[in-house]
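Undergrad: dropping a prediction and its sequence here:
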Amino acid sequence: DSGVTQTPKHLITATGQRVTLRCSPRSGDLSVYWYQQSLDQGLQFLIQYYNGEERAKGNILERFSAQQFPDLHSELNLSSLELGDSALYFCASSVASGLTYEQYFGPGTRLTVT
Amino acid sequence: TQLLEQSPQFLSIQEGENLTVYCNSSSVFSSLQWYRQEPGEGPVLLVTVVTGGEVKKLKRLTFQFGDARKDSSLHITAAQPGDTGLYLCASAGSNDYKLSFGAGTTVTVRA
């Protein structure tokens, strides 16, 4: 158990819909990262927040957005869902920002778009 | 974004055998990390290598970082069924913290 929690574990929805994925980082961690893992693209970095502020952006679509709240939990919002958005979405957290700080991954949310 | 190539894509061996997986890039790594991911779980960091030529050992796992910092290998001695999983290498650019992952090597150790 990494200490990072993600909800829900599974999500099935239809094309065009909007969903919200939630992540609670390890106690004391200020940095949260979101990743998408699909069979054809592998594990891809989406976005990072540090203490409520966006720190780095990766291959995140404009239909996707995220935020980190004052209690440090984070939400990833996916809208106008397409079949290709079906994937595992992971959240990771670290004490601070930077590669010297280990990222701890949550168990992931499996999103299926039908 | 740094492109990482991992090989082989799949590896199936018998318990007790040794195995090596590779991670290569056309550009220099500032640092490199190896992760293991088991089905239904998130990746778990195994090691971070930073210095060219560095060798790190973690029980039966040996990690090597190439002298030119463009390649790395993970060697498992006397593999056990518990070593089964997806092994991923990852690196970040020198100026940012975005981790780029290789496609991974799926290792299956048969009892």
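TA: All right, it came through fine.
Undergrad: give me the beta-bridge partners of the closest residue to B:P8 other than its chain neighbours?
TA: With sequence-adjacent residues excluded and distances taken as CB to CB, 6 or more residues apart in numbering or on different chains, B:P8 is closest to B:T105, at 6.1 Å. No exception for glycine: its C-beta is placed from N, CA and C like everyone else's. Bridge pairing for B:T105 (DSSP bridges) gives the partners B:Y87.
Undergrad: count of neighbours near B:T105?
TA: 22 (other CB atoms under 10 Å in any protein chain shown).
Undergrad: just checking, it touches B:D83?
TA: No - B:T105 lies out of contact with B:D83 (CB atoms under 8 Å); the separation is 11.6 Å.
Undergrad: and residue 63, what does it touch?
TA: You didn't say which chain, so I picked chain A. By CB atoms under 8 Å, 6 or more residues apart in numbering or on different chains, the residues touching A:R63 are A:78-81.
Undergrad: the chain in question should be chain B.
TA: Here B:F63 is in contact with B:34, B:46-47, B:49, B:54-57, B:72-75 (CB under 8 Å, 6+ apart).
Undergrad: so which strand or helix has it?
TA: Assessed by DSSP states H and E, B:F63 sits inside strand B:61-65.
Undergrad: export that strand to CSV, keeping only CA atoms.
TA: Provided in CSV are the C-alpha atoms of strand B:61-65 (Å, rounded to 0.1, in the frame of the first residue of the first chain):
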residue,chain,number,x,y,z
LEU,B,61,18.4,-7.2,-8.9
THR,B,62,21.4,-5.4,-10.5
PHE,B,63,21.0,-2.1,-12.2
GLN,B,64,23.6,-0.6,-14.5
PHE,B,65,23.8,2.9,-16.0
